[in-house]
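S.K.: A structural model of the following input is requested.
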Amino acid sequence: MKNIFILFTLMAMLVLITGCFENGDKEMEKSESLLKRSGGESNIKIYYSREGLGHRIHYSIDGMDWTEVPGEEMVYISDDNPFNQYGGYYVKEFDAKMVEFVFTDEQGQNWDNNNGNNYLIDRSGTYMVENGKLQKVYEGVAFVEYEFENLNTNYEYVGYEVTLYKDGELFKTIKIGTFVNTSKMCNRITRLENGHYELELKIIKDNNTMYFASTNFDISDYEQSKNIMLTVKEYPIVKDKIVIYYLPKEIAWKHSPEGVNIHYNANNSNWTNLPGINVIAKSYKYSMGDRFSEIRAKYEINAQNLEFCFNYLGNEWDNNNTQNYIINKPGIYEVISGKRIRELPQNMIEQ
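M.R.: Down below sits the predicted model:
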């Protein structure tokens with residue numbers, strides 16, 4: 001009987017020891033997991049608005065323990081330097097892959113905690129929290145400023161539009177209605193990523209005349225600002241026709257002797273018979289700016305609006321991802337396959 005009792009005792013001890021090893025293994029796996037998550041390329045930078053409730057950040061990185069309340073003080077960025085886009089903000093950097101955090105004041109009494117849900121970032125990058133909103137931002141150039149030549153600053157223009165393209169695709173558009181002088185115009189675009197940009201300015205003088213200017217520039221690391229002088233030129237406004245300069249994406253479309261076909265519906269009427277109207281591509285160039293000449297297919301039609309698409313030999317189609325291309329008013333337009341439609345001034349493109 002005594003031997004049986006000893007046997008049971010040894011078995012119980014073995015179970016306890018095994019459980020300890022299992023729990024130890026789990027804790028080791030957890031620790032290794034946390035180490036893996038915090039290793040490698042990992043950097044998170046957080047900017048916090050000066051309009052916040054405080055400038056201390058209380059946080060946990062990669063699932064580890066939280067800091068002591070009220071957290072750590074963030075670094076203030078002086079706004080004395082006009083070239084620093086984050087002047088007046090507070091910043092904190094982390095060597096981590098994940099940060100859960102909130103903001104508070106010196107006493108830890110007033111909190112900005114995402115309505116009780118805490119803020120959470122689980123990817124490296126630069127972020128901003130402003131007015132309770134967390135968003136990713138990009139640090140490249142602080143801003144681009146542009147000035148104007150050949151423009152009457154005391155004229156009541158009908159409106160103006162600034163369009164910025166990045167690497168060939170639409171990045172930002174700014175539109176303003178009637179204004180009295182250029183001091184009312186936005187002349188600064190901030191928080192740009194690295195890349196190649198095209199900047200276009202269009203000012204509507206009246207029903208018959210517009211001013212236009214364009215340029216391009218590159219943003220690279222370590223730049224803080226760009227200053228650009230735009231020379232505006234006067235152009236007539238097109239009122240009775242739509243002219244399209246189409247840049248195909250496929251090489252074969254550009255150089256085929258058959259050209260491309262445009263299939264369209266003008267003025268909300270009937271569509272053309274398939275495969276549409278054949279147009280031959282040729283080389284055109286811009287009369288201003290430092291753009292390169294490229295082969296395009298040109299088509300002109302007397303119309304007030306146009307819905308259209310393109311095809312090659314009636315088989316391969318470019319229909320703007322099944323949405324078709326749409327132009328709602330007369331003018332001169334450049335259509336770049338898969339990227340954009342943009343309006344250009346009359347006489348800007350030359351043969």
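S.K.: Run a quick neighbour tally on Val238.
M.R.: By other Cβ atoms under 10 Å, the residues close to Val238 number 19. For the C-beta atoms, the positions are set from N, CA and C on the backbone; glycine is no exception.
S.K.: Could you report the neighbour count for Gly63?
M.R.: 14.
S.K.: Distance check, it against Ile301.
M.R.: In this view, Gly63 and Ile301 are 62 Å apart by Cβ to Cβ, to the nearest Å.
S.K.: and what of Trp271?
M.R.: Counting by Cβ to Cβ, the separation of Trp271 from Ile301 is 13 Å.
S.K.: cool, and Glu130?
M.R.: Glu130 is 48 Å from Ile301, by Cβ to Cβ.
S.K.: With Asn115 instead?
M.R.: For Asn115, the distance to Ile301 equals 54 Å [Cβ to Cβ].
S.K.: Likewise for Leu151?
M.R.: According to Cβ to Cβ, Leu151 and Ile301 sit 33 Å apart.
S.K.: now the helices: where do they sit in the stretch 1-150 of the chain?
M.R.: For the stretch 1-150 of the chain, applying DSSP state H, counting those that start in this stretch gives helices covering 2-38.
S.K.: let me redo that: the stretch 151-300 of the chain
M.R.: For the stretch 151-300 of the chain, the helices defined by DSSP H, counting those that start in this stretch cover 251-255.
S.K.: Quick check: which ranges of it have low pLDDT?
M.R.: Flagging of the stretch 151-300 of the chain using pLDDT under 70 yields the residue ranges 153-154, 176-188, 190-191, 220-225, 251-258, 282-295.
S.K.: hang on, the earlier thing: so if I had to pick from Asn115 and Ile301, which one is more boxed in?
M.R.: Ile301 (16 against 7).
S.K.: Make sure the more buried one is actually in contact with Lys241.
M.R.: Yes. Here Ile301 lies in contact with Lys241, judged by Cβ atoms under 8 Å, at a distance of 6.5 Å.
S.K.: low-scoring stretches of the stretch 1-150 of the chain, by residue?
M.R.: Judged by pLDDT under 70, the stretches of the stretch 1-150 of the chain that qualify are 1-42, 50-52, 79-87, 138-143, 148-150.
S.K.: Swap in 90 and give it another go.
M.R.: Residue ranges of the stretch 1-150 of the chain with pLDDT under 90: 1-43, 47, 49-55, 75-90, 97, 105-110, 123-128, 130-133, 135-150.
S.K.: Can you tell me who Ser214 pairs with across the strands?
M.R.: Glu200 (DSSP bridges).
S.K.: measure it to Ser78 for me?
M.R.: 35 Å.
S.K.: Can you give me the domain boundaries for this structure?
M.R.: According to automatic domain parsing, the chain comprises the domains 44-137, 141-236, 242-350.
S.K.: Quick check: nearest residue in space to Ile44, chain neighbours excluded?
M.R.: Among residues not flanking Ile44 along the chain, Phe94 sits closest, at 4.5 Å (Cβ to Cβ, 6 or more residues apart in numbering).
S.K.: what sits against that neighbour?
M.R.: Asn43, Ile44, Lys45, Ile46, Tyr59, Ile61 (Cβ atoms under 8 Å, 6 or more residues apart in numbering).
S.K.: Can you say which two of those residues are spatially most distant?
M.R.: Asn43 and Tyr59 (14.8 Å; Cβ to Cβ).
S.K.: So those two - more neighbours on which side?
M.R.: Shown here are Asn43 and Tyr59; by other Cβ under 10 Å, Tyr59 has more neighbours (21 against 12).
S.K.: Specify the beta-bridge partners of the more buried one.
M.R.: Here Tyr59, judged by DSSP bridges, has bridge partners Phe101.
S.K.: For it, which residues are in contact?
M.R.: By Cβ under 8 Å, 6+ apart, Tyr59 lies in contact with Trp66, Thr67, Gly71, Glu72, Phe94, Val99, Glu100, Phe101, Val102.
S.K.: most surrounded residue in those?
M.R.: Busiest of the contacts of Tyr59 [other Cβ under 10 Å] is Phe101, holding 26 neighbours.
S.K.: Okay, that one and Ile77: tell me how far apart.
M.R.: Separation of Phe101 from Ile77 (Cβ to Cβ): 18 Å.
S.K.: now swap in Met210 and tell me
M.R.: 41 Å.
S.K.: of those two, who's got more company?
M.R.: Just comparing Met210 and Ile77: by other Cβ under 10 Å the higher neighbour count belongs to Met210, 26 against 17.
S.K.: The more buried one against Val232, yeah?
M.R.: No. Contact criterion Cβ under 8 Å: Met210 and Val232 do not qualify, at 9.6 Å.
S.K.: List the residues that are in contact with both of those two.
M.R.: Overlap of the contact sets of Met210 and Val232 (by Cβ under 8 Å, 6+ apart) consists of Ile203.
S.K.: Between the two ends of stretch 98-110, what distance do you get?
M.R.: Stretch 98-110 stretches 24 Å from its first residue to its last (Cα to Cα, to the nearest Å).
S.K.: in stretch 329-337, what's buried?
M.R.: Pro330, Gly331, Ile332, Tyr333, Glu334, Val335, Ile336, Ser337 (16 or more other Cβ atoms under 10 Å).
S.K.: which one of those sits closest to Phe171?
M.R.: Once Cβ to Cβ is applied, the member of those that ends up nearest Phe171 is Ile336, at 14.3 Å.
S.K.: Hmm, Tyr245 and that closest one touching each other?
M.R.: No. Between Ile336 and Tyr245 there is no contact, the gap being 9.3 Å when judged by Cβ under 8 Å.
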